[in-house]
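Colleague: sharing a model prediction with you, sequence too.
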Protein chains: 4
Amino acid sequence: MTANPDGPPLGVAVLGHAFMGKAHSNAWRNVSAFYPGGPAVAQRVLAGRDPHGVAADAARYGWAEGSTDWRAVLARDDVQIVDICTPGHLHAELAVAALEAGKHVIVEKPLANSVAEAELMAAAARSARAAGVHAMVGFNYRRVPALALARQLIAEGRIGTVRQVRIAYLQDWLADDAAPMTWRLRRETAGSGALGDLASHAVDQIHFLLGARVTSVSATLNTFVDTRQGPDGPEPVTVDDAAWATLRLDSGAVASLEVTRMATGRKNALRIEVYGSGGHLSFDLERLNELHYYDAGAPPGLAGAARILVTEQSHPYLQAWWPPGHVLGWDHTFTSQAADFLAAVVAGSAPSPSFEDGLAVQKVLDAMVRSAAQGGTAVVLAGPGSRHDLSATGATDAS
Amino acid sequence: MTANPDGPPLGVAVLGHAFMGKAHSNAWRNVSAFYPGGPAVAQRVLAGRDPHGVAADAARYGWAEGSTDWRAVLARDDVQIVDICTPGHLHAELAVAALEAGKHVIVEKPLANSVAEAELMAAAARSARAAGVHAMVGFNYRRVPALALARQLIAEGRIGTVRQVRIAYLQDWLADDAAPMTWRLRRETAGSGALGDLASHAVDQIHFLLGARVTSVSATLNTFVDTRQGPDGPEPVTVDDAAWATLRLDSGAVASLEVTRMATGRKNALRIEVYGSGGHLSFDLERLNELHYYDAGAPPGLAGAARILVTEQSHPYLQAWWPPGHVLGWDHTFTSQAADFLAAVVAGSAPSPSFEDGLAVQKVLDAMVRSAAQGGTAVVLAGPGSRHDLSATGATDAS
Amino acid sequence: MTANPDGPPLGVAVLGHAFMGKAHSNAWRNVSAFYPGGPAVAQRVLAGRDPHGVAADAARYGWAEGSTDWRAVLARDDVQIVDICTPGHLHAELAVAALEAGKHVIVEKPLANSVAEAELMAAAARSARAAGVHAMVGFNYRRVPALALARQLIAEGRIGTVRQVRIAYLQDWLADDAAPMTWRLRRETAGSGALGDLASHAVDQIHFLLGARVTSVSATLNTFVDTRQGPDGPEPVTVDDAAWATLRLDSGAVASLEVTRMATGRKNALRIEVYGSGGHLSFDLERLNELHYYDAGAPPGLAGAARILVTEQSHPYLQAWWPPGHVLGWDHTFTSQAADFLAAVVAGSAPSPSFEDGLAVQKVLDAMVRSAAQGGTAVVLAGPGSRHDLSATGATDAS
Amino acid sequence: MTANPDGPPLGVAVLGHAFMGKAHSNAWRNVSAFYPGGPAVAQRVLAGRDPHGVAADAARYGWAEGSTDWRAVLARDDVQIVDICTPGHLHAELAVAALEAGKHVIVEKPLANSVAEAELMAAAARSARAAGVHAMVGFNYRRVPALALARQLIAEGRIGTVRQVRIAYLQDWLADDAAPMTWRLRRETAGSGALGDLASHAVDQIHFLLGARVTSVSATLNTFVDTRQGPDGPEPVTVDDAAWATLRLDSGAVASLEVTRMATGRKNALRIEVYGSGGHLSFDLERLNELHYYDAGAPPGLAGAARILVTEQSHPYLQAWWPPGHVLGWDHTFTSQAADFLAAVVAGSAPSPSFEDGLAVQKVLDAMVRSAAQGGTAVVLAGPGSRHDLSATGATDAS
């Protein structure tokens, strides 16, 4: 199904209306204003469990209506795109159903709570693709202009052969011992803690920036506060508060990774440093409009990490937005993501990152869990022929 | 005219559809999603000169229709708010007409190109206010959360008695000698150069942050590149490229001000430092989510400028947006500005900053021009009355 | 042997006159000027292998004479302090001999190239201590004022319970593939690469800042450029270029560690972040006069990492130096180290860090090597009763 | 008098043993260790008023003896260099006497407390030069490697034509109202306040970096706290706490200058930004090892201010010191200054900055005072033929 840019608008439904539902709604409401070349979009329906809440949020966020019946949403002829913003344990069921209903699908990251679910989803996406139906996983940080620029500079060889990556995602919303129990801290609902929530972004960035894959993983997990106050009294925390890993990549590079929700004073610090034989790049999501670039080939005495304010018209995504120096915020990444998704749908090409990309992340997270369970012993990731192997066609598309 | 929050939506018209029209349209399209407590808003019409362009932009930015006839727009019963985003020399005519038509008015900064125009507009606003019609000048940086926080901290006495302000607004889009002639570089169309464009923001921030007024001004203006290539050959640049001033304030503080479009490598660096007897605050618009706060009363050995990431729910405007660490961009300030304007209209109270505030800025800019013409000799600004007092004689004397 | 502050000067000999010999000479030449309360010091002799070079350097650096015979130096009655700045494989022999000769000893870090050597040295130091002869290992970064302040703040509980430490030491002098072979890249002479050179500092800082010990280690080592041009053609690099580890501490905290000589653009970036339940501290040796302190207990909305310029009279070591804001350099740490050493000698107390502290570092490095050889499997460090146990008395003093 | 590098050592005397005496003593004690190519130096005598204090300090700082009789010091045959570190009102008498006694002279900045004194001194220096006797004023920040590099980059045209300079020197030691009265706050002893102390450095840097001269000055002075507690009760402060100026330069550039002792939280923040048609440079003395360089000619999308860590062997002065990344402190500038002075003396060439350079600074400070007294009206500085004209030979050497 290739969309016609001059045809009727593409109808969109968002499933879920909490934090991510708000962010994705914002993207659909604004995408045509900033990326006018794409297809017309109609905000058809926002779906959720609570009838009153979803109706209010639908009105607030610009949707024509609210719904509590996701199956009915999938059955609508005027909905071509389904954007899944629910908790992770519902991703597989909803995404597979939507693809089978012939809807283009975006799933908020992480793709799923397990490798098994992710494999099901990737299989469904492969089947759908044959029918011209597209799927994408919402690693929105791929649309941070500074990170898109970083990827481009690495691909151009501007820092030479990449040897070391240092990536950390530091938050602090659990640093307070008195922070209460939530479903996010129970394994049965959340799958994992910082691992699925934060390390998924970090691993995807390694894939995105370097175009490399992880071959082995040595990891450690830790829960610093193992009991928190729940609605019925103290309750055990059954997910990780923090995770560490050293990752070997098929390119020969080595990456260190650290994610945590206990780093007091760090609010949303996804920090990435990439060191190559010819320079380095560094980035901090708390200053998302900046990329630091060190060019070892600068004239003698003049080398230094340059703070590039990534707001020039020549920078990725910036033509859509404002003049130089007029900085973007976190939510703009979702709007650009929606634009890229629409462009792919119109072109009939596969949007990126694919479900296979989401599955590849899931496998690394899974390897981290297994390595940590073995005291950090390196776990080798599946290569061709192993049980985690992507199918021949899938693997080709995945990277 | 007090708006009824449960009544019919307030109809909005934006006049002008270039850079500022895009930014203001974005605000109206999104204000209800982020500030749901306000009145319903309807994007009625976007007006401009070019029929084709304005129709396209109206569709793109979410307006019900486009128009090339601003008088017709003012005559519409379904338009209650007129938002003026045209070049400055049209502000006075449009704003006065809109107020006389009973519309609430926002005028993009600077209020006008001259004190005389600004006085006309302030007079019109005073008349309108008596009829319950409100006017506001769009100094959007008052809605940067970090600056709103700075104002609050100063008002709370957190840095003691303010003594020195260092304010600079540095851009570089004219640093290249080969940058072409534009209407912005001709005095007849632009009024002034960096002065009106950049110093207006800076002066308004002094007023906003300190609640003080300028009493005397010693200034210098300079044009570094006095000829540029126009459509018909070389043409003289008749406005300033840069301006400097030392300002004495009625509080006893002294402010230094420097604005320029020639600061190679600075894209949008509105930098503000406020030094008080008990601490300091500093800010850079290129990092608009951050405020640095130095508390001299910290325990011995622990004083240091704290980088506050102004993204907490307790910070000004932040409840409307995202969780901590999820940073805002430049355009969010316009959305918050629209929300504040709507809240004032609904409450029947005067929105801030008022046209009088815009006039006060204009008088300082005018004093800078006069001082510079006299080789920097200090020009004394009007003194008697309260800081908002603009009695006929006072206003006359002031300019 | 307790020195008499009013008695004859303490004679000092430095063994080694390359980079570290220059740095330590500078310390002895200046210590009395900045720390006037200590004993008089006489720069007796600088020793090295090359007669011409050592004579020239002795004159240059303020020594009364040069020598090529370290045994003769140890035999001198007018030498009370022997400061060992030779390559690491000579540390054990020289230090044991000096202690047996009744000289107070400083050994430049790392203490030795192996645990076995370090144990010999620690045993010699214990014996000497009984005779009033003192020994110290030169982890000079303990005398960086910002790090001494950090330790103090942690000890005072200013960041609550420490949970995570992030420590990295990034240099780039091997980032260029064409950098030639040296003795530092051969295992037989250097022992290890980044591990002994850089991780030793990092591990000592963990001990120093937290007062905690490492209980288990999961590590990875890597050599990115495995052949370099030697004097006789290409030669294999037999040490690590970089090392990574996750360390569990007896306090319950977890530390991540990364050291490398391949981080293009990082010259001497020892970076330390310590996250506690109540705040964090961060530091970068490239800005050694600064400590960032985040206090989670700040008033609502005011928390932010404060950049403390550690140049106040109330800060550690600063009374000896200059007024606030007059920053120190890297070499000042050695002068302060010498002053602390002299103060301990005069007081007859054990200088810190002791050889046991140096041994403790060596054991962690050794565990890293073993873990890396086992694919990252965690290696548990010796507790009481194990073969790496410090003797009862030694263990007491070591921490 | 050209010194013989292989001859007897050059004998040095320092007059004054307070803050600056300590800093200059440190330089003489260390210069030969770091700059071994120069002449031998002998620390002969430290002079001051207090017999006990000067004797103790002489011993502490490495001087052969102390003295309370500066005339006797000047009469000594074994003293060839006199380094004047007294308060400013004694500079002229001591410097003229020393030059007349045939001694090479360094005078700590500012050269004098008035233009008249400075002219006397410059005349004495001219006479002495004819006899091979050299004089220098100690603007030590010319020996900050980052600033020496900045000068070099500007001279090479790396930032194109310089248009704007922003220079500020911010300290806070008077920010506390309760800070007591001192001689530094009385006009009769100190001459001026922040002006002579801080603006002198700033103006000299303009001269140094740009090789340009100030042609007109518009200035403001202010005293924020006009009474302070003296030994006998409240006493009026008769010098400026802060000063501001806009300076036009003969190159066509414009500089803004702000100096203050009231900038709470700024300890020693000499901040310099230089904007040219092709780039910019920026610097902060609180981070004295760093220079930021923006090259507008970078490839599209890659321009950004590069943080150059000025510690490479190729950077000015760095061969004398430590390997890359091993940062210098404030006091190292004096050692390098002494080395440059010695090199000039040995070569028989004029050291820089000369007394004429010191006089040029004094004239700008004087113009600032006069402009401020006239409400900021621009004061034109003397050009050829005016009363402040340097003599033909002097003027040639001065720039």
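Modeller: Received it, and whenever you're ready, just let me know what you need. Numbers count the residues shown, from 1 in each chain, chains lettered A, B, ... in the order given.
Colleague: what bridges to A:S218?
Modeller: Judged by DSSP bridges, the bridge partners of A:S218 are A:T246.
Colleague: what is the burial count for it?
Modeller: 31 (other Cβ atoms under 10 Å in any protein chain shown). All C-beta spots, glycine's among them, are computed from the backbone N, C-alpha and C.
Colleague: what's the answer for the one 5 residues further on, then?
Modeller: A:T223 has 18 neighbouring residues, counting by other Cβ under 10 Å.
Colleague: what do you get for A:A72?
Modeller: 11.
Colleague: work out for me the element it sits within.
Modeller: In this assignment (DSSP states H and E), A:A72 forms part of helix A:70-75.
Colleague: helix or strand with the lowest mean pLDDT in chain A?
Modeller: helix A:392-398 (a mean of 28; mean pLDDT, DSSP states H and E).
Colleague: and after the helix holding A:A72, which helix or strand comes next?
Modeller: In N-to-C order, the element after helix A:70-75 by DSSP H and E is strand A:81-84.
Colleague: in the helix holding A:A72, what's buried?
Modeller: Of all the residues in helix A:70-75, those buried under the rule 16 or more other Cβ atoms under 10 Å in any protein chain shown are A:W70, A:V73, A:L74.
Colleague: if I look at the first one, how far off is chain B?
Modeller: Between A:W70 and chain B the computed distance is 22 Å (Cβ to the nearest Cβ, to the nearest Å).
Colleague: gap between that residue and A:G138?
Modeller: 18 Å (Cβ to Cβ, to the nearest Å).
Colleague: one more: A:L74?
Modeller: As for A:L74, its distance to A:G138 is 19 Å (criterion: Cβ to Cβ).
Colleague: cool, and A:H280?
Modeller: Distance, A:H280 to A:G138, by Cβ to Cβ: 28 Å.
Colleague: then A:L147?
Modeller: 15 Å.
Colleague: what about these two, which has more around it?
Modeller: More neighbours surround A:G138 than the other of A:L147 and A:G138, with 27 against 24 (other Cβ under 10 Å).
Colleague: give me the pLDDT value at that one.
Modeller: A:G138 is assigned 97 on the pLDDT scale.
Colleague: need the contact list for the closest residue to it other than its chain neighbours.
Modeller: Excluding the flanking residues, the one nearest A:G138 by Cβ to Cβ, 6 or more residues apart in numbering or on different chains is A:E108, at 4.6 Å. By Cβ atoms under 8 Å, 6 or more residues apart in numbering or on different chains, the contact list for A:E108 reads A:G16, A:M20, A:H24, A:D83, A:I84, A:C85, A:H91, A:V137, A:G138.
Colleague: out of the residues you listed, who's the most crowded?
Modeller: A:V137 (34 neighbours).
Colleague: so what's that one bridging to?
Modeller: Bridge pairing for A:V137 (DSSP bridges) gives the partners A:V107.
Colleague: neighbours around the nearest residue in space to A:S277 that is not next to it in sequence, how many?
Modeller: Excluding the flanking residues, the one nearest A:S277 by Cβ to Cβ, 6+ apart is A:G160, at 3.5 Å. Neighbour count of A:G160, defined by other Cβ under 10 Å: 20.
Colleague: what about the closest residue in space to A:P180 that isn't next to it in sequence, how many neighbours?
Modeller: Computed as Cβ to Cβ, 6+ apart, the closest residue to A:P180 that is not its neighbour in sequence is A:Q229, at 5.4 Å. Neighbour count of A:Q229, defined by other Cβ under 10 Å: 13.
Colleague: which one of the contacts of A:E108 is nearest chain D?
Modeller: Nearest to chain D among these is A:G138, at 26.3 Å by Cβ to the nearest Cβ.
Colleague: give the contact list for that closest one.
Modeller: A:H24, A:I106, A:V107, A:E108, A:K109, A:F334, A:Q337.
Colleague: using TSV, lay out those together with pLDDT and distance to D:Y35.
Modeller: Listed next are the contacts of A:G138 as TSV, based on pLDDT from 0 to 100; distance: Cβ to Cβ, whole Å:
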residue	pLDDT	distance to D:Y35
A:H24	98	65
A:I106	98	66
A:V107	98	66
A:E108	97	63
A:K109	96	59
A:F334	98	59
A:Q337	98	59
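Colleague: quick one, helices of the stretch 1-150 of chain A?
Modeller: Remark: helices assigned in the stretch 1-150 of chain A by DSSP state H, counting those that start in this stretch are A:19-34, A:51-61, A:70-75, A:91-100, A:115-130, A:145-155.
Colleague: closest one to C:A242 among these?
Modeller: Closest to C:A242 of the helices of the stretch 1-150 of chain A is helix A:145-155 (Cβ to Cβ; 19.0 Å).
Colleague: that closest one and chain B in contact?
Modeller: No. Using Cβ under 8 Å from any Cβ of the partner chain, helix A:145-155 stays clear of chain B, coming no nearer than 11.2 Å.
Colleague: nearest residue to A:A194 in space, ignoring adjacent ones along the chain?
Modeller: Distances taken as Cβ to Cβ, 6+ apart place A:V259 nearest to A:A194, at 4.4 Å, with adjacent residues excluded.
Colleague: shouldn't the one you found be in contact with A:L221?
Modeller: No. With contacts counted by Cβ atoms under 8 Å, A:V259 stays clear of A:L221, the gap being 10.0 Å.
Colleague: who's more crowded, the two?
Modeller: A side-by-side neighbour count of A:V259 and A:L221, using other Cβ under 10 Å, places A:V259 first with 29 against 23.
Colleague: bridged to that one, which residues?
Modeller: Bridge pairing for A:V259 - DSSP bridges - gives A:Y169, A:A243.
Colleague: ok, it - contacts?
Modeller: So A:V259 contacts A:A168, A:Y169, A:L170, A:A194, A:L195, A:D197, A:L198, A:A199, A:A202, A:A242, A:A243 (Cβ under 8 Å, 6+ apart).
Colleague: report the longest helix in chain A, please.
Modeller: helix A:355-373 (DSSP state H).
Colleague: which parts of that one are buried?
Modeller: Applying 16+ other Cβ under 10 Å to helix A:355-373 flags A:355-369, A:371-372 as buried.
Colleague: which element is encountered next along the chain beyond it?
Modeller: Sequence order places strand A:379-380 as the next helix or strand after helix A:355-373, per DSSP H and E.
Colleague: that following strand: how far from the chain's middle?
Modeller: Between the centre of strand A:379-380 and the centre of its host chain there is 24 Å, according to Cα atoms, centre = their mean, to the nearest Å.
Colleague: could you do stretch A:182-198 as well?
Modeller: 16 Å.
Colleague: got a list of what the residue lying closest to A:E65 once chain neighbours are set aside touches?
Modeller: Closest residue to A:E65 apart from its sequence neighbours, by Cβ to Cβ, 6+ apart: A:V45 at 5.3 Å. Neighbouring residues of A:V45 by Cβ under 8 Å, 6+ apart: A:A13, A:V14, A:A58, A:W63, A:A64, A:E65, A:G66, A:S67, A:V73, A:R76, A:V79.
Colleague: get me the contact residues on the stretch 251-399 of chain A for chain B.
Modeller: Residues of the stretch 251-399 of chain A that fall close to chain B, judged by Cβ under 8 Å from any Cβ: A:266-269, A:285-289, A:309, A:311, A:322-332.
Colleague: okay, the residue at minimal distance from the centre of chain A and A:S200: tell me how far apart.
Modeller: For chain A, A:F139 is the residue whose C-alpha lies nearest the centre (Cα atoms, centre = their mean; 1.8 Å). With distances taken as Cβ to Cβ, A:F139 is found 8 Å from A:S200.
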